[in-house]
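Visitor: no sequence for this one, just the structure:
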């Protein structure tokens, strides 16, 4: 279906169509964020032996997040006098837009996907890097010491972990011979890359967690140290967009891990009769669960440990991985 | 045959030996430095005598490969090969002998130089190599090379051992002569580029033989030749110097140490005359013809201007400096006449003025040493204390004004004779300068020797010689002499000083009485040149 | 048509960059302007590689190398700037004037 | 094929618009709904209840910049590795050797930074 | 890809040597404990450069060849200029070995191998047959040079020099690259020979002229000629002395290599607007001539006012670049010959001068003119050597500088019509340059000394000084030595691909 549209001549009707589909995806993502947050709270509650939200929206607190969002919407919006106003207003948008844009290249199943570009992976990496700008801008525009420090830390962390992230994905590209995410999934028809590239998977997962600013790498937002990191001064919906960006990235990253290492929509062994969408959803949920699990169990690392881990452990390991993969491929294929 | 190389580079031996002498051993330095000038003198005299006995100077030619700029196939084999070539003819020989003689005398006179004697002699010998080389070169590039050696050596000699304003004089010298050299280099480069050779004889062949003209790498247009000659003449006019370019000469004459001026006035100025004759007349005779009038005009201006200014000077060195300007004008006049008499006169005048100015500056050196000043206002009545000195000084003055029987007369007379043949009106005006010469030289010298001392007290007490004070910045004073009494008091010429003076006077008289001494080697050369000029 | 549009864009970018690099006082802006010029070059290369009279992949390769070199230059530039800032406490180019006569 | 190409980037453009529209829409909606009671104290910078002092835009530790430089360099290096990885199949052994040299040089750079204590955070 | 394996990699032997040495030194420097002296590293680097020079010399008899799809050419031009580059690099590395700034020299290891990297860039440039390699190697040279300029990390002057170098260099790179992009656009290839061939068919004279001018401006930065010379004095003054020597010599040589490789190869046969003159390069001759003239004048006139030795030599090097550019502007048959000769001589005399200045700066911590005062009194040999280099720089006969200048002169007037004006400008600026060179000589020999006597010349510097002095004298008196070598290159007949 998508393929036909993609191959049709570009026109206004195409734009309208894509707009509709994009809006649909946006709705899906917002829904995911709503229930992802709830899920996170529930899971963590479970792991910590408590119940979690259970008042709003029935026994499972199904409307808890909705209520939170409404509260944010009704909250007064304050902008500090010392802030750099235009940048302050712009920062959350800069942070959010790329997070949504990266979704354009992710194939969820062979039918449900959007843009089909040859450099999909590169696009993801490049565009997601822009968020850093929003974060730093927010921290700087606030003109607040905590915010600035948080922003700088976030930037340092994100750029440091981007390198191993990118380099570990290189192993996958080597094996698949393409940067097109559809091709990469296709290349995993027989063997998922989590098995062919275990080292890369580990590095990627760790770096992904760091990129998402989640525990144990949540230093930029460490409440106990920096009050709230780069968004101390933000409130109401502006703050909400930083949060939204974070959770959209959670969505995107989980999807990317699925695509790169877990075989995307490919079924397990003989279970081919189950639709690809289900498989994808299952793997995706598993990844999200793991990420929530991390948050519940790991302690936060120290800033120096964080940075040195990226440069002294992950980076050399990913270099080794590239060489190993290339050599193995040259020898055995 | 290495005769010429030996002649040119023999002072090198002295330089090398001097390096091993301790700085403080001044007697040794003086002795060695003087001795080092003797081999070229002997060799030059030997060649002079031999040539007088019919020896063909061409046999002394030397040539070996030096630079092969290119061996591109579309050039003939000999093109763009600069060779190390030495060769002399009668014209060069005269100047070589002059150089060798004056160098030895200057070295003798250098006993009055007291500071940093070692360095002084090193550069003096280098200067001699340069001067000998300039006259021995048979190749334009090597001519230039030796010329620049003299430039550097003179710069250092003036700048370090000169008077109070020595550095200014040195820079002045450097700039004027540098510009002249640069211009000369352009001309040389053009000639070399267009003909593929820098050898004088080959160049002559290329430029004049219609058959050889086909071998030119690139054509030399008629207009181009005029430009080349103009450049050459301008370059040498700066070095001569012709009047608008004469300021450096005054400064150098006044500031340089007297023995160096002996060489400078005696030889270096003559390089310009030599160059004009050798290259101007030799290479571009036809074009030279149209420049002759201008040259003569400048000559007359030089003569008059120099003489008039010399009249007004009250400082012996400045008088002599302007008289040099005036006398170099005579050389220009001789060249401008462009006939046999004129050219021969120019050469005569060059040699004669070389000897006379050497004598004058030798005496100036002594005077400076004894009295601490050369200011005519402060001097007078020296005959009593220094009769011998006064005699020599008077002789120099008489020679300078062109007294018949002395060297100056022959040059001036022949030059003007030449010009009277071609441009009588100019010559008549120029001859006025000779009268002025008599006035200024006699006035200056008589004031010093017989005149009443104007400021006797100061003269005897000796006002401090600037040279000494300037040097004292660098060197702790070894003796208190220069602070009080003039060194040596008022003493007449002594043995070592009288010898060079005597030799010079003898030569001046010899040339004056027996001009054939010089004319003999010159005749053949001048005749060849006149043939080139077409009559 | 397409090509000239790209070329015009590149030229404009280049001129903006050049203007900024030559007139701005803040070194960071100057460095960014240089990057702008280099990016104009990349646009040129890629446009020529795709729409030029002789399309060829060399343009892409060149652009890649240009990017890499630009990065290296920017890195060294920033390093120099940091060192300069440490010793002079300013990032203004016109205050870099201790080396004058 | 070129249609796919154009349409794909069209989609990206659409996503960009959507991404911009959502915050704008939401913030505009919020403006209508939320209260607006400005107050001098609300507009002060938050510093855990203390009165804010000094400008917060202070000079930063140089290590931030050093990491930024390292990032620039390594990020660009990956740019070379990606095309190489894509066409690795077709290039064969030579590309492997070449890239190993490249990676070794990269590693030397990393070791250099390590040795020079650039990678130390505190 | 098979042909890649079968390429004759031995043609790159000098490059391999330099690269291997650089990396080895880097690793050694990292492994050595920090309290060990890094001096041997610099000596090792110099030895490597010398070795590479031998390797290059050994390849002279071989004919010209190219590998890697004609991106790497080994023709006479490449060999000849690599020899100069390597000689200059080796000598500059000797200076590095004795580098002793006041604050200590903590980065001598870096100094050695960064210089080798820069040298490698310059060498690759000499061998490039492709825009891409040309550009990348140029940047290898440039970026390494920026670092060299800033190696005295705690000295404000050095930082400032590095910053200015980077900014100016970056702008120049961008401009040149912009020109290259047009060249690529017109021809669709990056091979120099290919570009030259295809350009003959194009009919875009304005774009071509624009490309030419952009390239010329970019190159003029490397050459430090007008209009892009202003960085040179500041950078030369601020950078550590060995780096300054390196910039003045190796970078400049590399700049001329770039000029010849890029402009001559590509534009010598490119069509120009109108049919007469027939080649773009020739039609641009007036522009180059004017630039050369301005460069000579500005370089030598402004040098008159300088008190800092490094700055003075910077302006003097601008003037020398002007002479060289004049040799280029002549476009005679002697062009490459005379440039090679001049650059060789220039390398010797300049490094010699810098070696002595390095000693003075090491000992006194300042590079003011006064530091030379009365040098003759306590270090006569040193003074005489420096005097020799200065005379050579001034182009006085008897030194190598004269021969080189004469050759350029001949090139200027040998063409029809000759460049007499340029020759005259060159002559006059030479005389102007006498003033400041002799001013230094006056300081050396005439002036009383104010400073404490200098210590003995350390081994590295004295080696450099002796080698340079011998070379300057030898070429001055027996130019045949150099010309015989030049003759082996066959007048660069295989320069155009």
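Guide: Thanks, I have it. Predicted model, so just to flag it, every value in this text is computed and none were measured.
Visitor: how far away is the residue of the stretch 251-400 of chain E found nearest chain B from residue B:138?
Guide: Of the residues in the stretch 251-400 of chain E, the one nearest chain B is residue E:397, at a distance of 3.7 Å by C-beta to the nearest C-beta. Where C-beta positions appear, they are placed from N, C-alpha and C, glycine not excepted. Computed as C-beta to C-beta, to the nearest Å, the residue E:397 to residue B:138 distance reads 16 Å.
Visitor: Residue D:46 now?
Guide: Separation of residue D:46 from residue B:138 (C-beta to C-beta) stands at 95 Å.
Visitor: what does residue A:305 give?
Guide: In this view, residue A:305 and residue B:138 are 85 Å apart by C-beta to C-beta.
Visitor: Go through the host helix or strand of residue A:248 and flag the buried ones.
Guide: Using DSSP states H and E, residue A:248 maps to helix A:236-261. For helix A:236-261, a neighbour-count test (16 or more other C-beta atoms under 10 Å in any protein chain shown) marks A:236-261 as buried.
Visitor: Then stretch C:57-73?
Guide: For stretch C:57-73, burial by neighbour count (16+ other C-beta under 10 Å) applies to C:58-59, C:62-73.
Visitor: what does stretch E:132-143 rub up against?
Guide: With contacts defined as C-beta atoms under 8 Å, 6 or more residues apart in numbering or on different chains, stretch E:132-143 is touched by C:58, C:61-62, C:65-66, C:69, C:72-73, C:76, E:71-72, E:117-118, E:120-125, E:127-128, E:169, E:173, E:176-177, E:180, E:190, E:192, E:222, E:251, E:254, E:258, E:261-262.
Visitor: Out of those residues, which end up buried?
Guide: By 16+ other C-beta under 10 Å, the contacts of stretch E:132-143 give C:58, C:62, C:65-66, C:69, C:72-73, C:76, E:71-72, E:117-118, E:120-125, E:127-128, E:169, E:173, E:176-177, E:180, E:190, E:192, E:222, E:251, E:254, E:258, E:261-262 as buried.
Visitor: pLDDT below threshold where in the stretch 201-333 of chain A?
Guide: A:220-228, A:333 (pLDDT under 70).
Visitor: need the contact list for residue 89.
Guide: All of this is about chain A. Residue A:89 neighbours (C-beta under 8 Å, 6+ apart): A:79, A:238.
Visitor: please go with chain E instead
Guide: Residues in contact with residue E:89 (C-beta under 8 Å, 6+ apart) are E:49, E:115, E:116, E:118, E:119, E:122, E:246, E:250.
Visitor: go again using 10 Å as the cut-off
Guide: Counting by C-beta atoms under 10 Å, 6 or more residues apart in numbering or on different chains, residue E:89 makes contact with E:18, E:45-46, E:48-50, E:52-53, E:82, E:115-116, E:118-120, E:122-123, E:246, E:249-250, E:253, E:347, E:351.
Visitor: Show me where chain C has its strands.
Guide: Applying DSSP state E to chain C gives no strands.
Visitor: quick one, longest helix in it?
Guide: For chain C, the helix that runs over the most residues, judged by DSSP state H, is helix C:58-88.
Visitor: now check that one, is it near chain E?
Guide: Yes: contact of helix C:58-88 with chain E is found when judged by C-beta under 10 Å from any C-beta of the partner chain, involving C:58-59, C:61-66, C:68-70, C:72-88.
Visitor: does that helix come close to chain A?
Guide: No: judged by C-beta under 10 Å from any C-beta, helix C:58-88 stays clear of chain A, getting no closer than 12.0 Å.
Visitor: list the helices and strands that helix packs on?
Guide: helix C:27-51, helix D:62-86, helix E:131-149, helix E:156-187 (3 or more C-beta pairs under 10 Å, 6 or more residues apart in numbering or on different chains; DSSP states H and E).
Visitor: closest to residue D:21 out of these?
Guide: helix C:27-51 (28.2 Å; C-beta to C-beta).
Visitor: and the closest one, does that touch chain A?
Guide: No: for helix C:27-51, no contact with chain A is found by C-beta under 10 Å from any C-beta; the gap never falls below 13.3 Å.
Visitor: Just the mean pLDDT for that helix, thanks.
Guide: For helix C:27-51, the mean per-residue pLDDT is 90.
Visitor: Mind listing what's buried along it?
Guide: Using 16+ other C-beta under 10 Å as the test for burial, helix C:27-51 gives C:27, C:30-49, C:51.
Visitor: By average pLDDT, which secondary structure element in chain E comes out worst?
Guide: Counting by mean pLDDT, DSSP states H and E, chain E has its least confident helix or strand at helix E:2-6, which shows a mean of 62.
Visitor: Over to chain C?
Guide: Among the helices and strands of chain C, helix C:58-88 carries the lowest confidence by mean pLDDT, DSSP H and E, at a mean of 86.
Visitor: and the residue of chain C nearest chain D?
Guide: Counting by C-beta to the nearest C-beta, chain C gets nearest chain D through residue C:71, at 3.9 Å.
Visitor: how about the helices in chain A?
Guide: Counting by DSSP H, the helices of chain A are A:2-7, A:12-47, A:64-74, A:85-101, A:120-142, A:145-176, A:181-186, A:193-196, A:198-211, A:223-226, A:236-261, A:276-297, A:303-308, A:315-332.
Visitor: helices and strands around the first one, which ones?
Guide: Read it as helix A:2-7. Helix A:2-7 is packed against helix A:12-47, helix D:2-33, with contacts defined by 3+ C-beta pairs under 10 Å, 6+ apart.
Visitor: repeat for the fifth one
Guide: Secondary-structure packing of helix A:120-142 (3+ C-beta pairs under 10 Å, 6+ apart): helix A:85-101, helix A:145-176, helix A:181-186, helix A:198-211, helix A:236-261, helix D:2-33, helix D:62-86.
Visitor: can I get those helices in a markdown table with distance to residue E:310?
Guide: Converted to a markdown table, the helices and strands packed on helix A:120-142 look like this (distance: least, C-beta to C-beta, whole Å):
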| stretch | distance to residue E:310 |
| --- | --- |
| helix A:85-101 | 44 |
| helix A:145-176 | 39 |
| helix A:181-186 | 57 |
| helix A:198-211 | 48 |
| helix A:236-261 | 53 |
| helix D:2-33 | 54 |
| helix D:62-86 | 29 |
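Visitor: burial of the closest residue in space to residue C:76 that isn't next to it in sequence, as a residue count?
Guide: Closest residue to residue C:76 apart from its sequence neighbours, by C-beta to C-beta, 6 or more residues apart in numbering or on different chains: residue E:146 at 4.9 Å. Number of residues near residue E:146 (other C-beta atoms under 10 Å in any protein chain shown) recorded here: 29.
Visitor: dump the residue contacts of residue E:146.
Guide: C:72-73, C:76-77, C:79-80, E:114, E:118, E:161-170, E:235, E:239.
Visitor: Ok, residue B:312 next?
Guide: By C-beta under 10 Å, 6+ apart, the neighbours of residue B:312 are B:318, B:319, B:322, B:440.
Visitor: Then residue D:5?
Guide: If you count contacts by C-beta under 10 Å, 6+ apart, then residue D:5 has A:6, A:10, A:115, A:116, A:117, A:118 around it.
Visitor: In PyMOL, how would I select just the buried ones from the residues you listed?
Guide: Buried residues among the contacts of residue D:5 (16+ other C-beta under 10 Å), as a PyMOL selection:
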select buried, chain A and resi 6+10+115+116+117
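Visitor: As CSV, the contacts of residue D:5 with pLDDT and distance to residue E:407 would be great.
Guide: Output for these, formatted as CSV (pLDDT from 0 to 100; distance: C-beta to C-beta, whole Å):
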residue, pLDDT, distance to residue E:407
A:6, 73, 68
A:10, 75, 65
A:115, 80, 64
A:116, 82, 65
A:117, 84, 59
A:118, 82, 57
